[in-house]
Structure formats: C-alpha cells, structure tokens
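Student: pasting the sequence and the predicted model now:
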Amino acid sequence: MKLKILILSLFLISSAFAGDITDEIVKSDRNLSKVKTLIDKETKAVDQLTDEKKKTARQLRKAEIELSYQKKIAKKLERKLLQSKKEISYINFKQQKLSTREGELISSIKSANSYLAGAGETDLLEALILADEATELTAGLQIISRVNAKLFDMVEELASIRSDLDISKANYTKKKSEIEKSLNEKKAAVKQYQSKKTLVKQLYKMATEDEKIQKEYVGMLASKQRELENKIKSLEIKNIKQGELKKFDGINKRFGQHKTLLEWPLRGTVIEKFGTKKVKGFKGVVHKKGIKIQPTETQVSSIYDGVVMHTDTAWGLGWFVIVEHFGGYYSLYANLDEIIVNMNQKVHSGEILGTIDIDRDENTPYLYFEIRIHDKAVDPLKWLSS
C-alpha cells in the first residue's frame, strides 16, 4: 500500500512545478489519465479480492457445516458409549447378585442335606431307616430327593443366567471397544476440521483486510481524480479568463456598469419593443427578443467597446454583426445592407459596424437590435441611454 502511494505521489508531484497555465493543464491532464488507468487496474484488483473473499466465505461455511456434522456424530457416539457403559455396569450388577444368589443356594443345599442327613444329637436319616413302617422310610427319602432336585434345578438355572450374562457382557464390551475406536477417530476428525476451519477463517480475515486496503487505495485514487479534474477545470477557467483579458486588451471592459448609459446603435424611432405581444390572426403570443428601430441615419455603430465575434447573413435577419463585450455580454445588429468590419476586429463605442439603406421605397427600413447576457436576451431599452 505504501509503495503504491509513493508511486502515485512521484508522478503527481511534478504538477507542483508547472510552468504556464497551458503546460500545467497538459501535465494535470496527463496525470489524470494515469490516475484513471490506475483506478481501472486497482478496481479490477478489488473485484478479484472480493471474489476471493466470497470464495473463502463459502469454504468457511462449508468447513463450519462439516465441523458441525462431525461434532454431532461424535455426540451420538459419546451417548452410545455412555449407554454401553451403563449396560456393562448393569450386567456387572446382575452378575454380583447372581453370585450372591449362587452362594445362598449352595448354603441352602448344604443346610438342607445336613438337616435331612443328620445334624446335632439326632440323626434323622438313621431314624428313617430304623422306622417301623416301610412307607415312612420311603416318604422320607422322597422328601430328600425332591429337595435336592429342586435346589440343583435352581443352580442350573443360575448357571444358565450367568452364561447369558457373560455372553451379553462380552458383546457389550466388544461394542464399547468399537464405539470408543469410532469416537477416537471422530474426535481426531473434529480436531482436523477445527484446524481447517481456523485456517479458512484466517484466510477470510486476510482477504477481508486486503479488500478493505484495496478499496481505501481506490478511494484515495478517486479522490485524487476529483482533485485533478477540479484543478483542470479551474485552470481552464483561468486560461479562458486570461484569454478573454488578452482578447479585450486596449478596450473598455466595464459594459455591465453602463446600464442605461450605453450609446444607441443609430438614431431613429423604436417601432417594435422587447417582450411578449399578440399577433393579429395568430392565437398565441410571440416573444420578441430585441427591438426594431426605424432609422433616420444610415450608419450603424457599436454601443460599447468589444470584439466582432461573428458576421453573416441569415433568413429573417439579413446581414448581421455580433459584437462580444467583456464579461459575457453580446450585442446583435441585424437587417444591415452592408458590413464594414471583420471577424475578431476590436471596435470602440460609436465605431461604425455597417450601414442601412434608408432610401428604399418597397419596405420600411429598420435595424433589428438585441442585447444578451451570455445566452439570455434582455430588454435593450433598459440598457440604452434615455
């Protein structure tokens, strides 16, 4: 950025050492052309940076979506892992209860058989064998058999449950390991996408900064362009004014201060005045931009010092002369029969511009006369001496 400003300053600083106004205009115009070229170039660079920023923004958005997706999967895996741990914990709990139950059954079997087989001072089994009745013996043995069978069935059932629990625990443990593996992989992916997002975010920030700097530089160039355009306009106005001063050298330049004091272009009678008037047979109105003077003399002279701007003939005006006066004032003398001045000729107040033939019989001779301020026609009678 600093280099660009330095380069810009180097080719613009020369304008400070310009010679006359024309040379300065040429140099300023050349510098303006260079600035415009630079603006076009740097504006394209801004467009490229803007496109790059948009592209990076899309990449950042994509990275954010991917990261969010990976995090969601990781969350699901964490929930599954937690559920697996709960299942395994529950199986461990059931296994502990089963172990307790097995211990209780073993104790019950031992207690039951000890009781039936004989315990303490009385031997129940011996009593059964020595019983008088065979039916009593048979009944006692059947009781022992049933009790043992029932207890062993319960032991087998518990063993089956333990086997199922072991299988379930093994399955859940395997599932837990698989989930942990997937979760670790997903966490690594999340970390990778996080790094990618950080990188793209940094790139986006850099692109934004570059775009901002480039726009500031283009703004500075645009400001310099406006400055040069205003300078050229000012120099052109100054040049025009100097040209005008030179053009009006040697003649009076105070036309604007002579309102109501200007000499008449010739002696005569005003037969048509300035302004709006109705025309017979015409529905609308006509605006007269000048006056018509019926002359009593033939010579038409300039009302004030000036320069002959134009001489020509035109339909409705005949031969005419336009005199430019300093300050943007103009006087028009039309319907002449003869012009005796030349283009760009300096004339003084009262100097003869041409003549009108007042001896014609076919038409009433007249001088058509206008005064204009720049391009606006004004009433000549308000400017001519009374």
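Tutor: Arrived safely, thanks for sending.
Student: distance of residue 74 from residue 80?
Tutor: In this view, residue 74 and residue 80 are 11 Å apart by Cβ to Cβ, to the nearest Å. For every residue, glycine as well, the C-beta is placed using N, CA and C.
Student: what's the answer for residue 25, then?
Tutor: 81 Å.
Student: hey, where'd the strands end up in the stretch 151-300 of the chain?
Tutor: Remark: strands assigned in the stretch 151-300 of the chain by DSSP state E, counting those that start in this stretch are 268-272, 275-278, 285-288, 291-295, 299-301.
Student: tell me which of the ones you listed sits nearest to residue 233.
Tutor: Across the strands of the stretch 151-300 of the chain, the minimum distance to residue 233, taken as Cβ to Cβ, is reached by strand 285-288, at 34.0 Å.
Student: only the buried residues of that closest one, if you could.
Tutor: Across strand 285-288, burial judged by 16 or more other Cβ atoms under 10 Å covers residue 288.
Student: could you shift the numbering so residue one becomes 44, and keep it that way?
Tutor: New numbering, starting at 44: the last item is strand 328-331.
Student: secondary structure element holding the spatially most central residue of the chain?
Tutor: Most central in the chain under Cα atoms, centre = their mean is residue 93, positioned 9.4 Å from the mean C-alpha point. Per DSSP states H and E: residue 93 is located in helix 64-160.
Student: that helix packs against which elements?
Tutor: Contacts defined by 3 or more Cβ pairs under 8 Å, 6 or more residues apart in numbering; DSSP states H and E place helix 64-160 against helix 45-55, helix 167-172, helix 177-290.
Student: remind me what the longest one packs against, helices and strands.
Tutor: Right, the one you point to is helix 177-290. Secondary-structure packing of helix 177-290 (3+ Cβ pairs under 8 Å, 6+ apart): helix 45-55, helix 64-160, helix 167-172.
Student: switch to 10 Å and redo it
Tutor: Under the contact criterion of 3 or more Cβ pairs under 10 Å, 6 or more residues apart in numbering; DSSP states H and E, helix 177-290 touches helix 45-55, helix 64-160, helix 167-172, strand 349-357.
Student: off-centre distance for the longest one?
Tutor: Counting by Cα atoms, centre = their mean, to the nearest Å, helix 64-160 is centred 32 Å from the centre of its parent chain.
Student: quick one, that helix and helix 177-290 angle?
Tutor: Interaxial angle of helix 64-160 relative to helix 177-290 (axes from the mean of the first three to the mean of the last three Cα atoms, to 10 degrees): 180 degrees.
Student: just for the stretch 94-243 of the chain, where's the confidence low?
Tutor: 155-188, 190-191, 194 (pLDDT under 70).
Student: quick one on the thing from earlier: adding distance to residue 312, write the helices and strands packed on helix 177-290 out as TSV.
Tutor: Rendered in TSV, the data for those read as follows (distance: least, Cβ to Cβ, whole Å):
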stretch	distance to residue 312
helix 45-55	64
helix 64-160	49
helix 167-172	172
strand 349-357	25
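Student: walk me through the domains of the protein.
Tutor: In the assignment given by automatic domain parsing, the structural domains of the chain cover 45-285, 298-425.
Student: related to what we said a few turns ago, turn the helices and strands packed on helix 64-160 into CSV, columns for mean neighbour count and distance to residue 408.
Tutor: As requested, those are exported to CSV (neighbours: other Cβ atoms under 10 Å; distance: least, Cβ to Cβ, whole Å):
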stretch, mean neighbour count, distance to residue 408
helix 45-55, 12, 63
helix 167-172, 14, 173
helix 177-290, 14, 33
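Student: name the residues contacting each of residue 117 and residue 123.
Tutor: Counting by Cβ atoms under 10 Å, 6 or more residues apart in numbering, the contacts common to residue 117 and residue 123 are 225-226.
Student: so residue 319 bridges to which residues?
Tutor: Judged by DSSP bridges, the bridge partners of residue 319 are residue 330.
Student: so who does it touch?
Tutor: Residue 319 touches 327-331, counting by Cβ under 10 Å, 6+ apart.
Student: and the pLDDT at it?
Tutor: Model confidence at residue 319, expressed as pLDDT, equals 88.
Student: any low-confidence regions in the stretch 294-429 of the chain?
Tutor: Residues of the stretch 294-429 of the chain meeting the criterion pLDDT under 70: 324-325, 403-405.
Student: what about the helices in it?
Tutor: With DSSP state H, counting those that start in this stretch as the criterion, the stretch 294-429 of the chain has no helices.
Student: report the beta-bridge partner residues of residue 334.
Tutor: According to DSSP bridges, beta-bridge pairing links residue 334 with residue 412.
Student: who touches it in this structure?
Tutor: By Cβ under 10 Å, 6+ apart, the contact set of residue 334 is 308, 313-318, 409-414, 422-424, 427.
Student: and those, which are buried?
Tutor: Using 16+ other Cβ under 10 Å, the buried members of those are 308, 313, 317, 409-414, 422-423, 427.
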